[in-house]
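A.B. asks: Return atomic coordinates for the entry below.
(one chain, ligands or ions: 1)
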Amino acid sequence: MSILSELSTIVGAAFESAGVDAGYGQVVVSSRPDLGQFQCNGALPAAKKAKTSPRVLAEEVVNRLGGDARFTDVSLAGPGFINLTVAPVIIGTAAETIRVADSMAKPLKKPEKVVVDYGGPNVAKELHVGHIRTAIIGESFKRMVRYAGHNVTGDVHLGDWGTPIGQLIVELARNHPDLPYFDPDYEGEYPKDPPVSVEELNELYPVASRRAKEDPSVGNLARLATAELQDGRQGYLALWNHFRSTSIEAMQAIYGELGVNFDRWHGESTVHDRIVPMVERLRSAGVAVESDGALIIDIAEEGDTREIPPLILVKSDGGYNYHTTDLATIDGRVEEGFTSMFYFVDSRQSDHFEQVFRAARLGGIASRNTQLEHAGNGTVNGRDGRPLRTRDGNLPLLREVVADAQRLALERMDERGLAADYSESERRQVARLVGLAALKYGDLQNHRTSNYTFDLERFTSFEGKTGPYLLYGAVRMKSILREARIRGLDPGQIGPPQTDQDTNLMLRLLQFPEVLDRAIEHRAPNQLAEYAYEIVADFNRFYEKCHILDQPDEELRSTWLGLVDLAHRQLTTVLDLLTIETPGRM
Ligand code: ARG
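C.D. replies: Next up, the predicted model:
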């Protein structure tokens with residue numbers, strides 16, 4: 001359901017009767033609201049094609065539409081722009097149609113089977129603030145594409161098969177050489193409980209990785225342990241399972257708190273069995289070739305403006321790396337029938353994905369019909385413009401950042417006397433959601449590729465373009481509806497708007513289908529985030545001017561309540577697509 005498509009059909013018909021293609025009648029929201037609500041710029045290209053003057057053609061279209069009661073104003077501007085203002089009854093009817101529709105998205109022509117690959121945490125490393133971007137943007141994109149009607153699977157794609165695991169094994173063996181995992185001749189059962197807690201694992205990892213980097217012999221041991229693990233050494237596999245499940249449990253807690261829900265917890269290790277056959281295929285097809293003992297794929301293309309190094313499929317020591325598992329993952333996803341794969345991963349990995357995607361095409365793993373796209377993201381910066389660090393130089397942990405946001409949200413609520421007389425548990429629950437909204441909106445309001453400055457003070461403010469401001473708007477709508485119910489007033493059908501403010505709010509809400517489409521097309525949840533803000537701003541102007549519950553004209557009051565109902569429904573839907581949960585009251 002979209003008013004723009006409806007208007008485009010009407011205007012298209014006028015173009016057609018003026019002798020040009022109906023497709024030129026495309027209507028868009030006006031960039032000059034002072035001249036009209038909508039505009040059509042098709043007369044310029046249409047006239048060029050028909051070799052006539054755009055003004056003459058546009059005039060003809062304007063004359064044809066002039067008598068149409070569905071418009072209150074049709075006018076010509078500049079070299080051939082057509083400005084349109086729509087009759088209130090058309091606006092009211094269109095608003096009512098989406099109020100009662102199951103979905104506010106446009107009907108989908110062809111649902112695709114889509115993978116959204118996001119999150120991408122590594123086993124044994126605690127999530128830090130930088131992980132928020134891929135998690136929130138990826139989750140939001142996944143929800144948008146799903147809402148549009150596609151068949152979407154979100155995959156965390158854990159880093160669970162690389163050298164960090166080998167480093168951990170070596171470090172643990174140093175501290176606890178007597179554990180059965182290290183005895184190659186051990187034949188008994190391995191302990192059910194992990195040898196390290198999640199806290200110990202978090203401490204172990206930095207030490208393990210530092211030692212492996214500083215001491216080449218430790219580095220070699222770690223590489224060897226990784227190769228043995230990948231080769232199926234039992235004790236190492238048992239340890240790996242412990243590390244993995246301990247880590248996943250901690251990850252699920254924080255992702256769960258953030259409302260980030262992966263449909264699958266696959267990882268690099270998931271595709272291990274695919275690697276050998278894939279490598280063989282690539283070798284016999286002549287795509288992968290021997291070079292200095294390694295097996296590589298040359299992916300440079302004519303016209304490259306920078307050097308794209310070959311992809312190393314098998315290292316000279318026989319091991320596989322990140323590229324190889326990513327290629328095998330594509331192989332598996334194609335086999336499962338996925339036709340689009342989106343990777344929401346830090347922009348700094350763009351070379352990696354360029355290499356992997358080129359190799360997938362060259363090797364026939366993904367055909368031209370499979371869409372492979374790296375939707376890169378920027379970084380979370382401190383005030384110095386560099387990736388955010390704590391005073392001791394570490395990346396702030398994600399769970400600490402979430403807790404900070406929630407604590408600050410509670411302070412802000414107290415300042416305003418919000419939720420003051422609620423039970424302590426409800427007050428905390430509201431603060432929890434306000435804090436999350438602050439954090440998420442602070443991220444989502446920026447374009448995916450930009451870096452942004454992390455500023456919890458600003459994010460948690462109830463004023464300006466912030467998560468708390470949006471939640472407050474949603475809660476206000478809800479409370480009007482609640483109050484109406486108490487007074488025995490039900491939201492009615494939406495009829496024609498009667499003021500500038502109800503007109504503008506309706507026109508805003510009618511923009512949703514196109515905003516959603518555009519946000520998906522640009523992989524840009526920030527466009528939807530901006531739109532959420534516009535809804536609340538238009539709603540607040542309406543609320544200030546129009547005294548909804550006290551409106552004596554019953555029909556108008558019912559229209560306004562219907563409008564609040566629609567605004568509330570759409571805003572909470574949009575917020576949900578942005579992963580933001582709304583409290584019932586505050
Ligand atoms: N684990 C990787 C990292 O920490 C990110 C994984 C992204 N996804 C992918 N399919 N490569 O850098």
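
A.B. asks: correct me, but Phe71 touches Leu65?
C.D. replies: Yes - using CB atoms under 8 Å as the test, Phe71 is close enough to Leu65 to be in contact (5.8 Å). Every residue, glycine included, has its C-beta placed from N, CA and C.

A.B. asks: what residues do the two have in common as contacts?
C.D. replies: Common contact partners of Phe71 and Leu65 (CB atoms under 8 Å, 6 or more residues apart in numbering): Leu84.

A.B. asks: Can you give me the distance of the residue in the stretch 251-400 of the chain that the ligand sits nearest to to Lys142?
C.D. replies: At 4.3 Å from the ligand, Val345 is the closest residue in the stretch 251-400 of the chain, using CB to the nearest ligand atom. Remark: distance between Val345 and Lys142 (CB to CB, to the nearest Å) = 14 Å.

A.B. asks: and the protein, which of its residues are near the ligand?
C.D. replies: Taking CB under 6 Å from any ligand atom as the contact definition, the chain meets the ligand at Asp117, Gly120, Asn122, His157, Gly159, Asp326, Tyr343, Val345.

A.B. asks: need the contact list for the fifth one.
C.D. replies: Yep, that's Gly159 we're talking about. Contacts of Gly159 (CB under 8 Å, 6+ apart): Gly120, Pro121, Asn122, Val123, Gly267, Glu268, Tyr322.

A.B. asks: What about it? Give its phi and psi, please.
C.D. replies: Dihedral angles of Gly159 (phi, psi; degrees, to the nearest 10) stand at phi -80, psi 100.

A.B. asks: likewise the first one?
C.D. replies: Taking degrees, to the nearest 10, you get phi -100, psi 110 for the backbone angles of Asp117.

A.B. asks: Val62 contacts Ile82, doesn't it?
C.D. replies: Yes - under the criterion of CB under 8 Å, Val62 makes contact with Ile82 at 6.0 Å.

A.B. asks: helices or strands next to the helix or strand encompassing Gly12 in the packing?
C.D. replies: Assigning secondary structure by DSSP states H and E places Gly12 in helix 3-17. If you count contacts as 3 or more CB pairs under 8 Å, 6 or more residues apart in numbering; DSSP states H and E, helix 3-17 packs onto strand 27-29, strand 38-40, helix 54-66, strand 81-86, helix 88-100.

A.B. asks: can you give me the strands in the stretch 301-450 of the chain?
C.D. replies: Ranges of strands in the stretch 301-450 of the chain, per DSSP state E, counting those that start in this stretch, are 311-314, 340-344, 371-374, 380-381.

A.B. asks: So what's the predicted local confidence for Met1?
C.D. replies: Met1 is assigned a pLDDT of 68 by the prediction.

A.B. asks: how much space between the residue nearest to Arg407 when sequence neighbours are not counted and Ala46?
C.D. replies: Of all residues not flanking Arg407 in the chain, Gly435 sits nearest, at 7.4 Å (CB to CB, 6 or more residues apart in numbering). Gly435 sits 52 Å away from Ala46, going by CB to CB.

A.B. asks: same check, this time on Ala431
C.D. replies: 56 Å.

A.B. asks: rewinding a little: and the residues of the chain next to the ligand, which two are furthest apart?
C.D. replies: Among the residues of the chain next to the ligand, the pair separated by the greatest distance (CB to CB) is Asn122 and Tyr343, at 15.6 Å.

A.B. asks: Of those two, which one has the most company?
C.D. replies: Tyr343 (25 against 20; other CB atoms under 10 Å).

A.B. asks: Could you report the neighbour count for Pro111?
C.D. replies: When neighbours are counted by other CB under 10 Å, Pro111 comes out with 12.

A.B. asks: from memory it sits against Arg146, does it?
C.D. replies: No - the criterion here is CB under 8 Å, and Pro111 misses it with Arg146 at 10.2 Å.

A.B. asks: what residues are shared contacts of the two?
C.D. replies: Jointly contacting Pro111 and Arg146 under the rule CB under 8 Å, 6+ apart is no residue at all.

A.B. asks: okay if I get the helices and strands packed on helix 3-17 as a markdown table plus mean pLDDT and mean neighbour count?
C.D. replies: Formatted as a markdown table, these follow (pLDDT from 0 to 100; neighbours: other CB atoms under 10 Å):
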| stretch | mean pLDDT | mean neighbour count |
| --- | --- | --- |
| strand 27-29 | 97 | 18 |
| strand 38-40 | 97 | 24 |
| helix 54-66 | 95 | 19 |
| strand 81-86 | 97 | 22 |
| helix 88-100 | 97 | 19 |
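
A.B. asks: hang on, the earlier thing: redo the strands of the stretch 301-450 of the chain as TSV? Include distance to Thr582.
C.D. replies: Converted to TSV, the strands of the stretch 301-450 of the chain look like this (distance: least, CB to CB, whole Å):
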stretch	distance to Thr582
strand 311-314	46
strand 340-344	24
strand 371-374	31
strand 380-381	24
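
A.B. asks: could you dump those strands to JSON lines with distance to Ala532 and mean pLDDT?
C.D. replies: Below are the strands of the stretch 301-450 of the chain laid out as JSON lines (distance: least, CB to CB, whole Å; pLDDT from 0 to 100):
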{"stretch": "strand 311-314", "distance to Ala532": "41", "mean pLDDT": "96"}
{"stretch": "strand 340-344", "distance to Ala532": "20", "mean pLDDT": "98"}
{"stretch": "strand 371-374", "distance to Ala532": "25", "mean pLDDT": "98"}
{"stretch": "strand 380-381", "distance to Ala532": "21", "mean pLDDT": "96"}
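
A.B. asks: Give the residue from Val345 and Lys142 that has the larger number of neighbours.
C.D. replies: Lys142 (28 against 22).

A.B. asks: So that one: helix, strand or coil?
C.D. replies: What DSSP: H, G, I helix; E, B strand; the rest coil gives for Lys142 is helix.

A.B. asks: Next one: the closest residue to Arg569 other than its chain neighbours relative to Met506, how far apart?
C.D. replies: Spatially, and ignoring its direct neighbours in sequence, Arg569 is nearest to Arg99 (7.2 Å; CB to CB, 6+ apart). According to CB to CB, Arg99 and Met506 sit 10 Å apart.

A.B. asks: ok so, going back, what do Val62 and Ile82 both touch?
C.D. replies: Counting by CB under 8 Å, 6+ apart, the residues touching both Val62 and Ile82 are Val74, Ser75, Leu76.
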